[in-house]
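Trainee: predicted model, plus sequence, below.
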Amino acid sequence: MLRGEVKPNHLRELFLGRNHITDNGLKALGQALPNIRNLKRISLWANPFDEPGVQAFCNGLEHNNDLEDVDLFRKFSCSEKIRYYTLLNRSGRRLLQEAVATEEGTSEAQTNIHSPRQRPVPLGTWPLVLERLQTLSLQDDDVFSHNDLLYYMLKGPALFQGQ
């Protein structure tokens, strides 16, 4: 599938429906996600993967700041986390990371906005993030709110209830 030497950073959308992707394939994709930039949408419907593959994919998505839409076709135990991370990405998680990296003169890859020491985010970045956050449409069955997303942006990962 995606090998270490492949860096598909030019992709914006990836449709992998009906490609016989198993748990192992989804795990490999999850491991590659932190290094894949600019991918906004991925569709994985009608593939024979199950919970272990989706969990590994979710773990990779936690460290990807670009992916905004994931179509798994059915619900899994970590579907809420996947939606949460994609909403964070839509609301500007990448903007904050880039702003911190620019302010400190480090590369984006070296920057973690949630490290133990507080990192200042330039004030000019916040209006963009807050505007994006305000335009997000949450679903009635979402277990998190706009406030949860904002909390993550300010302090770090919010806790998921029941997980």
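Mentor: On my side now, so go ahead.
Trainee: residue 86: which element?
Mentor: helix 79-91 (DSSP states H and E).
Trainee: can you give me the buried ones in the worst-scoring helix or strand of the chain on mean pLDDT?
Mentor: Every helix and strand in the chain was compared by mean pLDDT, DSSP states H and E; the lowest is helix 93-104, with a mean of 74. By 16 or more other C-beta atoms under 10 Å, the buried positions in helix 93-104 come out as 93, 94, 95, 96, 97, 98, 99, 100, 101. For every residue, glycine as well, the C-beta is placed using N, CA and C.
Trainee: helices and strands around that helix, which ones?
Mentor: Applying 3 or more C-beta pairs under 8 Å, 6 or more residues apart in numbering; DSSP states H and E, one finds that helix 93-104 contacts helix 126-135.
Trainee: tell me the helix or strand right after the helix it packs on.
Mentor: Following helix 126-135 in sequence, per DSSP H and E, is helix 146-154.
Trainee: what packs against that following helix?
Mentor: So helix 146-154, by 3+ C-beta pairs under 8 Å, 6+ apart, packs with helix 79-91, helix 126-135.
Trainee: ok, 10 Å please
Mentor: helix 79-91, helix 93-104, helix 126-135 (3 or more C-beta pairs under 10 Å, 6 or more residues apart in numbering; DSSP states H and E).
Trainee: quick check: angle from the last one to helix 79-91?
Mentor: Same thing as helix 126-135. Per axes from the mean of the first three to the mean of the last three C-alpha atoms, to 10 degrees, the angle that helix 126-135 makes with helix 79-91 is 140 degrees.
Trainee: quick one: low-confidence parts of this structure?
Mentor: 1-8, 100, 103-121, 155-163 (pLDDT under 70).
Trainee: how about 80 then?
Mentor: Where the chain drops to pLDDT under 80, the residues are 1-9, 96-126, 140-141, 143-144, 151-163.
Trainee: span of stretch 39-58 from start to end?
Mentor: 15 Å (C-alpha to C-alpha, to the nearest Å).
Trainee: and that stretch, how far from the chain's centre?
Mentor: 13 Å (C-alpha atoms, centre = their mean, to the nearest Å).
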